[in-house]
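Enquirer: structure of the sequence below:
(chains A and B)
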Amino acid sequence: MTETKSSNPGAAEVWITGIGLATSLGEGLDANWEALNARRINVDEKGFAPYVVHPWAPVNLDTQIPKKGDQRQMEAWQRIGTYAAGLALESAGVKGNKEILGRMDMIVAAGGGERDLAVDCNILNLEAKGNSAPGFLNERLMNDLRPTLFLAQLSNLLAGNIAIVHGVTGSSRTFMGEEAAGVDAARIALARIAAGQSDIALIGGSQNGERKDLLVLYEFGDFNLRDKFAPVWARRENAGFALGSAGAFLVIESKAHAQARGVKPYARLTNVVADLAYRKHPGEVTATLEKLWSKLGKLADKGAIITGATGAEPATSEERAFLGEHPEFAVRATGTMFGHTMETQFPLGLGLAALSISRGALFPANDPTGLEVEMSKPPTQIVVIGAGHWRGEGMALVEAIK
Amino acid sequence: MTATRDKFGRPIVVVTGMGVVTSLGSGQADNWKKLTAGESGIRTITRFPTEGLKTTMAGAIDFVPVEPFSSTDLSERLADIATEEAIAQSAIGSKGDFPGPLFLAVAPVEVEWPQRLELGRAVGATVDYDGMLRVSGGGRFTQYHRRFLFGSVADHLAETFGTKGSPISLSTACASGASAIQLGVEAIRRGEADAALCVATDGSVNPEALVRFSLLSALSTQNEPPQAAVRPFSKNRDGFVMAEGAGALVLESYEAATARGAKILGIVAGCGELADSFHRTRSSPDGKPIIGCVRNALSDAGIDSDQIDYINAHGTGTPENDKMEYLGISTVFGERTRQVPVSSNKSMVGHTLSAAGAVEAVFSLLTLEHQRIPPTINYDVPDPAIPFDVVPNTARDARVTAVMSNSFGFGGQNAVLILTREPL
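Expert: Numbering: from 1, shown residues only, chains lettered A, B, ... in the order given. Below you'll find the predicted structure:
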């Protein structure tokens, strides 16, 4: 296995010029920043008990998705993502700019939409009562499924809705594959801009964590956090992730493109690297993260790390071992504050890194184990880490623009 | 030809291996023979009961056994078969050690009905999702976590064929196969890789997938005889027919391929994409996104529409698609529209959905190799509003140097590839 090569050295510099966050902590950069600084966490231990989830903070959808008809055509994950994408475009100052949106590239990291739980349960109960005639399932599905539900479930329809609602139409690509999809969305968009294949791109993802069908998938592997919330680093005795709800999008563009339109950047996206360890033997995640770290570029001492560590094992312990090799870095685990938003966790980490750099401070630690330490000086380099709960490792370097 | 870069100074991207499996059969040889004989792979569905369905036929692949069945397992098997053929033909790397990244077009993965029913039975009594959650954990169904992760098929392929780096699973709906190829082309042009494995697969013929498309009124209901159901560009067309399949292409830089003495099967000269913001399932009535996409592909290849001498159409056979595809092509091709042969492989293999763009790229390259254009079958009642030369019902020998292959999908997805025999 060889790590995926990063973009050409000496290629175009890429800036993060827009950030859109709509999370369990609130909408917009100020609300999220304030919640982080107040160490506020929005967690629900009861609604899906014994499973712990982070519910989405309600917003006025009309402000980013003005047509009710569009809202009705989407399931929650698409509304969350379309909303956050609108915030990112607004933050970059390109909302409604048809000339730019018409050539803006888009890479969305997506899962799929929620099922109609009532339809599923009805079928399962009828089947349990002996309804097993040929065609029984067909008949129920033909009669009970809403025709438009399919479009609310289809992975590429988050991007489709962003195109419809916000007019981003340069290109539309959807990556799937859990956490790694979010890493690769950033990696490919950066590589394309750096190589001159693209000038500006919208990247990101969204998840609604309040979903029993999603909990079922992860429960198959015993990955869900049960009973009681604890910060990511304090889950050794009770491992797992609490599904989070968030939309996180970024606008990234070449420095030249950003300067030509006179926009102020949040930070530079210097590098994104990724790999796939097969995780057959203990230590592979630790070794892979170490290898990716060495490919990021020159790192000054005493920087910061924002990680999407999930709390699931053994990946979290392997990542902790990697972090232990770099004790001079101040670490923040987004899983503690936002829960695990799967495909969205890496874009969320990139957004928070760029935000921290632009605000001249890393948000405070939130960790009783002492792994996360305070950072007094303004961060100039933040490494974003995304190691998947099952597969996929990625890393990015976000830097201040001097 | 000694130049290894195109007129824009980018590395030329060549194809050195191809693999394909469709409802017509497994492998290039079998597929090409049947495709040029005008055979249909569409049959009455036998995989599951069809009582209560409006559409009872599909291009299902039943000659690849998967037990117990899941669409994701079948997708994985089909991808394996196509990839093995492509890598064997290319003779690149060594067994289990492909020297480049993987780009996989795959249908969105989800827990399917056989597994859900199994879970329901495990709950007993009254089934609800809380009950299902109670029985899901504890190791009894661990294999379903591994199976139904979105990245599971790509992970399997990466491990089996030893591709490098983080494998990408992607969906651009029915344009996915073309997008996988485009990602590979871009990686090679950036100089990130000398080779890329681009695979697209779909094994989606299951009751719920069929019902979903049926509820959107997208499928043909001309069930008898099934072979006559797909009627692209015909006046009596009434929808597409779901089908399964996989296509795989080994892409390499011209420089790397020639350096190792590989046989070059064709060139991916250009890729174009453009999204449509009009509607979730319908194209903008003015055709602008499709027109723009075709122009983007031509411009990426650095050629004029005059140089295209065959169009491998998206040609699904839905009333909407075929009309819009005509509008798009005729706007760009102008007076030449009636002279350029335009045929639909889907008339024979059905619509392989996520796989279609790659399956049809393979067929386009075989068209270039054999200088023979596969027909559009079931063309008995021409649609006067679509005056294409559809190569009706019978294959045709022709001089073909550059092919345009179109892919369009739900969610406003448009992708177009330009494939040539020789570097431009």
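
Enquirer: residues in contact with stretch B:256-265?
Expert: Stretch B:256-265 has contacts (CB atoms under 8 Å, 6 or more residues apart in numbering or on different chains) with B:4, B:14-18, B:89-92, B:194-195, B:252, B:254, B:365, B:369. For the C-beta atoms, the positions are set from N, CA and C on the backbone; glycine is no exception.

Enquirer: which of the residues in it are buried?
Expert: Residues B:A256, B:A257, B:T258, B:A262, B:I264, B:L265 are the ones in stretch B:256-265 that count as buried (16 or more other CB atoms under 10 Å in any protein chain shown).

Enquirer: run the chain-centre distance for it.
Expert: 25 Å (CA atoms, centre = their mean, to the nearest Å).

Enquirer: which residue packs closest to A:E374, ignoring adjacent ones?
Expert: Leaving out its chain neighbours, the residue that sits closest to A:E374 by CB to CB, 6 or more residues apart in numbering or on different chains is A:A365, at 5.7 Å.

Enquirer: what helix or strand is the one you found located in?
Expert: Under the criterion DSSP states H and E, no helix or strand holds A:A365.

Enquirer: hmm, which two among the buried residues of stretch B:256-265 are most spread apart?
Expert: With CB to CB as the measure, no two of the buried residues of stretch B:256-265 lie farther apart than B:A256 and B:L265, at 14.6 Å.

Enquirer: quick check: residues of the stretch 201-350 of chain A near chain B?
Expert: A:212-213, A:215-224, A:274-276, A:278 (CB under 8 Å from any CB of the partner chain).

Enquirer: and those, which is closest to B:A297?
Expert: A:A274 (28.4 Å).

Enquirer: those helices in chain B, which residues are they?
Expert: Along chain B, counting by DSSP state H, helices occupy B:28-36, B:71-90, B:113-123, B:129-136, B:142-147, B:152-161, B:176-189, B:207-215, B:254-259, B:288-301, B:319-333, B:346-349, B:356-370.

Enquirer: residue in the stretch 251-400 of chain A nearest to chain B?
Expert: Relative to chain B, the nearest point of the stretch 251-400 of chain A is A:A274 (3.6 Å; CB to the nearest CB).

Enquirer: surely that residue and A:A186 touch.
Expert: No. Taking CB atoms under 8 Å as the definition, A:A274 is not a contact partner of A:A186, at 9.1 Å.

Enquirer: average pLDDT across the host helix or strand of A:V273?
Expert: Using DSSP H and E, A:V273 sits within strand A:267-275. Predicted confidence along strand A:267-275 averages 98 (mean pLDDT).

Enquirer: same question, stretch A:58-72
Expert: Rounded mean pLDDT across stretch A:58-72 is 97.

Enquirer: touching chain B at all, it?
Expert: No. Legend: contact between stretch A:58-72 and chain B by CB under 8 Å from any CB is lacking; minimum distance shown is 9.5 Å.

Enquirer: and the residue of the stretch 251-400 of chain A closest to chain B, how far from A:L25?
Expert: 27 Å (CB to CB, to the nearest Å).

Enquirer: between the two, tell me which one has more neighbours.
Expert: A:A274 (27 against 23; other CB atoms under 10 Å in any protein chain shown).

Enquirer: so the more buried one bridges to which residues?
Expert: According to DSSP bridges, the residues that bridge with A:A274 are A:G394.

Enquirer: contact partners for it?
Expert: A:3-4, A:180, A:183-184, A:187, A:292, A:392-395, B:165-166.

Enquirer: closest to B:G38 out of the residues you listed?
Expert: A:D184 (41.0 Å).

Enquirer: what number of residues lie near that closest one?
Expert: A total of 32 residues lie near A:D184 under the criterion other CB under 10 Å.

Enquirer: tell me the secondary structure at it.
Expert: Assigned by DSSP: H, G, I helix; E, B strand; the rest coil, the conformation of A:D184 is helix.

Enquirer: what's near enough to touch it?
Expert: A:A109, A:F175, A:G177, A:A274, A:G394, B:S166, B:I168.

Enquirer: care to break chain B down by domain?
Expert: Following automatic domain parsing, one gets these domains for chain B: B:13-112+B:148-419, B:115-146.

Enquirer: okay, these, which one's buried deepest?
Expert: Each of the domains of chain B was assessed for mean neighbour count using mean count of other CB atoms under 10 Å in any protein chain shown. The highest is domain B:13-112+B:148-419, with a mean of 23.

Enquirer: contact partners for B:M348?
Expert: Counting by CB under 8 Å, 6+ apart, B:M348 touches B:L24, B:K34, B:L35, B:G38, B:E39, B:S40, B:G41, B:I42, B:V230, B:P374, B:I377.

Enquirer: max pairwise distance over those residues: which two?
Expert: It's B:I42 and B:P374 that sit farthest apart of the contacts of B:M348, by CB to CB, at 15.4 Å.

Enquirer: in chain B, what residue comes closest to chain A?
Expert: For chain B, the residue closest to chain A is B:E51, as judged by CB to the nearest CB, at 2.5 Å.

Enquirer: low-confidence ranges, chain A, go.
Expert: A:1-10 (pLDDT under 70).

Enquirer: what sits against the closest residue to B:P392 other than its chain neighbours?
Expert: Spatially, and ignoring its direct neighbours in sequence, B:P392 is nearest to B:Y379 (4.1 Å; CB to CB, 6+ apart). If you count contacts by CB under 8 Å, 6+ apart, B:Y379 has them with B:R231, B:P232, B:F233, B:S234, B:S347, B:V390, B:P392, B:N393.

Enquirer: who's in contact with the spatially most central residue of chain A?
Expert: Central residue of chain A (CA atoms, centre = their mean): A:T344, 1.5 Å from the mean position. Taking CB under 8 Å, 6+ apart as the criterion, A:T344 is in contact with A:A109, A:G182, A:G204, A:G205, A:S206, A:Q207, A:G244, A:A246, A:G247, A:A248.

Enquirer: buried ones in the helix or strand hosting A:E179, by neighbour count?
Expert: Element membership of A:E179 [criterion: DSSP H and E] is helix A:178-194. For helix A:178-194, the neighbour count (16+ other CB under 10 Å) marks A:178-194 as buried.

Enquirer: show me the contacts for the residue nearest to A:E318 when sequence neighbours are not counted.
Expert: Excluding the flanking residues, the one nearest A:E318 by CB to CB, 6+ apart is A:V285, at 3.7 Å. Neighbouring residues of A:V285 by CB under 8 Å, 6+ apart: A:A277, A:R279, A:P314, A:A315, A:E318, A:E319, A:F322, A:A387, A:E393.

Enquirer: in ChimeraX, how would I select the buried members of these?
Expert: Those of the contacts of A:V285 that count as buried under 16+ other CB under 10 Å are selected in ChimeraX with:
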select /A:277,279,315,318,319,322,387,393
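
Enquirer: what about the contacts of A:V285, which are in helices?
Expert: Short answer: these in helices (DSSP H) are A:A315, A:E318, A:E319, A:F322.

Enquirer: pLDDT wise, what is the residue lying farthest from the centre of chain B at?
Expert: Most distant from the centre of chain B: B:A125, at 43.3 Å, with distances by CA atoms, centre = their mean. Confidence at B:A125, expressed as pLDDT, is 82.

Enquirer: just B:R280 next, same as before
Expert: pLDDT at B:R280 comes out at 93.

Enquirer: isn't it right up against A:L158?
Expert: No. Using CB under 8 Å, B:R280 makes no contact with A:L158, being 11.4 Å away.

Enquirer: once you drop chain neighbours, what's closest to B:G334?
Expert: B:G334 sits nearest to B:S305 (CB to CB, 6+ apart), 7.8 Å away.

Enquirer: touching, that neighbour and B:R336? I think so.
Expert: Yes. Using CB under 8 Å, B:S305 makes contact with B:R336 at a distance of 6.9 Å.

Enquirer: this completes my enquiry, with thanks.
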